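Novice: Here is a sequence together with a model predicted from it:
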Amino acid sequence: MVRRITTQVHKQVARLVRAGYIIKEPLWYKAVLEHPPFPLPARAPSNRSPPSGDYAPYDMPTSTSPASGLNKPAKLKVEPVVYLEDEVRQQFFRDHPFEAFRERTLVEEDLIEDRHPISGKAWTRLSQCGRNPTPEDAIRFAVNLYEHTDGMPLSDAYAAAVMQYRALRAEQQIATQIAAAEAAHYGMVFRPGAIERAFEREQEHLKSWEQKRYSEAQSMEARKRWRLRPERPVHSGTWTKGEEYVRLWREGVRPDYSPAIAEPAEEIPEEILAQDPEPSNIWANFQKST
């Protein structure tokens with residue numbers, strides 16, 4: 001049977017039954033007749049303009065491959081938002097990386113400062129906005145020169161802004177050094193800065209480590225127990241294959257393995273030594289006399 005629309009299947013079956021192609025009605029036929037499906041809504045015809053010449057504007061390009069993607073809608077891409085100030089700012093901080101570490105005042109709920117009244121063609125020198133310009137002032141000055149000076153490329157405007165910015169920074173640094181030297185000459189004592197205080201704390205910690213190491217070494221020496229370490233007899237250092245030992249044995253010289261004894265703490269008088277030559281009696285007589 002030819003494929004039909006699902007809502008018209010029961011009508012096709014009715015025609016086939018009347019023609020005699022289907023002898024027995026299907027079991028679902030009466031149920032579908034009692035509850036027929038909803039008809040499809042009418043489809044509005046597409047608005048097409050008539051073709052002009054050999055080209056029809058509503059025709060789509062044909063493709064032999066179903067995965068070619070010609071019928072897919074094009075993806076929407078957001079155009080990049082580029083500002084001239086961002087490019088100049090990136091180049092400025094690449095040339096002056098330490099300007100990013102310069103301290104700034106951050107205040108909550110602070111209002112955006114109004115632009116300087118001097119702008120446009122009247123702004124020809126960076127010092128017109130102040131003797132202490134910020135990096136943002138230099139960036140705005142470079143863009144202002146580029147936009148309001150006829151025939152000036154961006155590279156020349158940036159070079160002029162950077163040159164004036166460096167000159168003002170050098171002037172401010174020299175003035176600060178001279179003011180500090182003058183204040184020190186008149187007896188001004190400056191407190192150590194943050195870097196100097198950090199170095200002082202570091203030196204204090206290093207000294208505490210040395211003291212701790214010295215105290216630990218002393219405590220370890222105090223915990224050690226004294227041990228008897230006999231001194232080895234001094235020898236010539238030549239190997240005689242035992243001949244020297246045999247010679248001393250034949251001569252009756254016995255080897256002495258006792259450590260070298262230093263001088264006695266107290267000298268024994270000669271009178272006590274003359275009383276009894278035995279060593280044990282000498283020590284007893286010496287204790288009785290003392």
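Specialist: Great, that's in hand.
Novice: residues making contact with stretch 102-114?
Specialist: residue 135 (CB atoms under 8 Å, 6 or more residues apart in numbering). (Each C-beta comes from the backbone N, C-alpha and C, glycine too.)
Novice: so how far is that stretch from its chain's centroid?
Specialist: A distance of 27 Å separates the centroid of the chain from that of stretch 102-114, by CA atoms, centre = their mean, to the nearest Å.
Novice: Return the list of helices and strands in contact with the longest helix seen in the chain.
Specialist: Criterion DSSP state H: the longest helix present in the chain is helix 154-185. Under the contact definition 3 or more CB pairs under 8 Å, 6 or more residues apart in numbering; DSSP states H and E, helix 154-185 sits against helix 84-95, helix 135-148.
Novice: Check which helices and strands the last one sits against.
Specialist: It stands for helix 135-148. Against helix 135-148 (3+ CB pairs under 8 Å, 6+ apart) you get helix 84-95, helix 154-185.
Novice: Out of those, flag the one nearest residue 248.
Specialist: Among those, helix 154-185 comes nearest to residue 248, with 83.2 Å by CB to CB.
Novice: List the buried residues of the closest one.
Specialist: 154, 157-158, 160-162, 164-165, 168 (16 or more other CB atoms under 10 Å).
Novice: Ok, which of the helices and strands packed on helix 135-148 comes nearest residue 250?
Specialist: helix 154-185 (90.5 Å).
Novice: pLDDT of that closest one, averaged?
Specialist: Mean pLDDT, helix 154-185: 94.
Novice: what's the following helix or strand after it?
Specialist: Downstream of helix 154-185, the next assigned helix or strand under DSSP states H and E is helix 194-223.
Novice: How far off centre is that following helix?
Specialist: 30 Å.
Novice: Then stretch 74-88?
Specialist: 29 Å.
Novice: what sits up against it?
Specialist: Contact with stretch 74-88 is made by 139-140, 142-143, 146, 154, 158, as judged by CB under 8 Å, 6+ apart.
Novice: I'd like these as TSV, with distance to residue 191 appended.
Specialist: Listed next are those as TSV, based on distance: CB to CB, whole Å:
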residue	distance to residue 191
139	35
140	36
142	38
143	41
146	45
154	45
158	40
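Novice: Check the residues you listed and tell me the two furthest apart.
Specialist: 140 and 154 (13.6 Å).
Novice: Which parts of the protein belong to which domain?
Specialist: 1-38, 84-185 (automatic domain parsing).
Novice: of all these, which lies closest to residue 194?
Specialist: Nearest to residue 194 among those is domain 84-185; the distance by CB to CB comes to 10.4 Å.
Novice: so where's the stretch 1-150 of the chain uncertain?
Specialist: 1-4, 44-71, 108-110 (pLDDT under 70).
Novice: for it, what spans make up the helices?
Specialist: 9-19, 29-34, 84-95, 135-148 (DSSP state H, counting those that start in this stretch).
Novice: now the angle from the longest helix of the chain to helix 84-95?
Specialist: Helix 154-185 runs at 50 degrees relative to helix 84-95, counting by axes from the mean of the first three to the mean of the last three CA atoms, to 10 degrees.
Novice: Thanks again, I'm all set now.
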